[in-house]
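**Q** here are the coordinates; sequence isn't available:
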């Protein structure tokens, strides 16, 4: 029996539609879950609109949060009527991503659901984008919801990297697989595996950790690399009972290959790993995750490595 999950749903109080609320309800009807609808209002955390008088600020903040709670209760009513367990909470905190992370840690959320929308690259600010910061900092699994309907038989696509070419911890693949398997089984969906390999940089680094005789013609080297990657993915698929017909090893730029495959399969959810690191490497990995997020037409479930620091900074 699957243990009950704690799902934190981030509600945008300015939006008429709430895809994340709908997705959480859909999920909780199939996998035992406790839902909490949450509004974090960063405007209520500052006093810029009413000056510096503490009493006026507190009263205005209380009225604003009370309005959010009423809205959340209205959203919760149909979920409660369908037999789901639902709580609501509204808080003032800033910046928005930090308030969400603090709430997720406090509530012990297994999963955070949030709507996401495409933002043109020239308009995006990496250091203020909420999705970007949640990918980096939220220790809970993060489900970024696109406004689309889920198929009757959902397609769950797990993106794995058994060679850990992006310095991904080895245990993260196992966690991605467990998450994707549990999700696919819980929603009666089909599980597919994806592994993307870009051969050009691998050939350039062929002397690092690969037992390849030299000299070797480039075409022979490419065949060896293809076979090594396919064998590793097939072994992982076999260990988890995934049919070879549902295993996809694609060559080329990984982000492009993944989005092309997701579109071709009409995937409903892509499950992949997210790594938080310091300095420029963290920006590079995060930017890659953002580029995949922008191009995907389906939901993205980001699994975090074990031992990720539980803080909002």
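**A** Yes, it's here. Please read all numbers here as calculations on a predicted model, not as lab measurements.
**Q** and residue 112, how many neighbours?
**A** The local packing count at residue 112 equals 26, with neighbours defined by other C-beta atoms under 10 Å. Using the backbone N, CA and C atoms, a C-beta is placed for each residue, glycine as well.
**Q** which residues in the stretch 1-150 of the chain form helices?
**A** For the stretch 1-150 of the chain, the helices identified by DSSP state H, counting those that start in this stretch occupy 19-28, 54-81, 96-107, 130-137, in order along the chain.
**Q** select the helix or strand of this structure having the lowest average pLDDT value.
**A** For the chain, counting by mean pLDDT, DSSP states H and E, helix 279-295 ranks last in confidence among helices and strands (a mean of 55).
**Q** reformat the helices of the stretch 1-150 of the chain as CSV; add mean pLDDT.
**A** Output for the helices of the stretch 1-150 of the chain, formatted as CSV (pLDDT from 0 to 100):
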stretch, mean pLDDT
helix 19-28, 98
helix 54-81, 92
helix 96-107, 96
helix 130-137, 86
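**Q** okay if I get the ones you listed as JSON lines plus distance to residue 175 and mean neighbour count?
**A** JSON lines is the format used below for these (distance: least, C-beta to C-beta, whole Å; neighbours: other C-beta atoms under 10 Å):
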{"stretch": "helix 19-28", "distance to residue 175": "18", "mean neighbour count": "22"}
{"stretch": "helix 54-81", "distance to residue 175": "29", "mean neighbour count": "14"}
{"stretch": "helix 96-107", "distance to residue 175": "17", "mean neighbour count": "21"}
{"stretch": "helix 130-137", "distance to residue 175": "16", "mean neighbour count": "21"}
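**Q** could you point out the helix or strand that follows the least confident helix or strand of the chain?
**A** The element immediately downstream of helix 279-295 (helix or strand, assigned by DSSP states H and E) is strand 299-303.
**Q** now do that following strand against helix 19-28, angle only.
**A** Orientation note: strand 299-303 sits at an angle of 70 degrees relative to helix 19-28 (axes from the mean of the first three to the mean of the last three C-alpha atoms, to 10 degrees).
**Q** so residue 268 makes contact with residue 146?
**A** No. Checked against C-beta atoms under 8 Å, the pair residue 268 and residue 146 is beyond contact range at 9.7 Å.
**Q** what residues are shared contacts of those two?
**A** Any residue near both residue 268 and residue 146 by C-beta atoms under 8 Å, 6 or more residues apart in numbering counts here, and that gives 298-299.
**Q** quick one on the thing from earlier: how about the helices of the stretch 1-150 of the chain in a markdown table, adding distance to residue 245?
**A** Putting the helices of the stretch 1-150 of the chain into a markdown table (distance: least, C-beta to C-beta, whole Å) gives the following:
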| stretch | distance to residue 245 |
| --- | --- |
| helix 19-28 | 27 |
| helix 54-81 | 37 |
| helix 96-107 | 37 |
| helix 130-137 | 31 |
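**Q** which stretch among those comes nearest residue 190?
**A** The closest of these to residue 190 is helix 19-28. By C-beta to C-beta, the value is 16.6 Å.
**Q** what sits up against the closest one?
**A** So helix 19-28 is in contact with 7, 9-11, 33-35, 37, 75, 78-79, 82, 84-85, 113-115, 143, 145-147, 150, 186-187, 299, going by C-beta under 8 Å, 6+ apart.
**Q** show me what the helix or strand where residue 192 lies is packed up against.
**A** For residue 192, the host element (DSSP H and E) is strand 190-197. Contact partners of strand 190-197 among helices and strands, from 3 or more C-beta pairs under 8 Å, 6 or more residues apart in numbering; DSSP states H and E: strand 155-159, helix 170-186, helix 218-239, strand 247-251, helix 254-265.
**Q** what packs against the first one?
**A** So the one you mean is strand 155-159. Using 3+ C-beta pairs under 8 Å, 6+ apart as the contact definition, the elements that strand 155-159 packs against are helix 170-186, strand 190-197, helix 254-265, strand 269-273.
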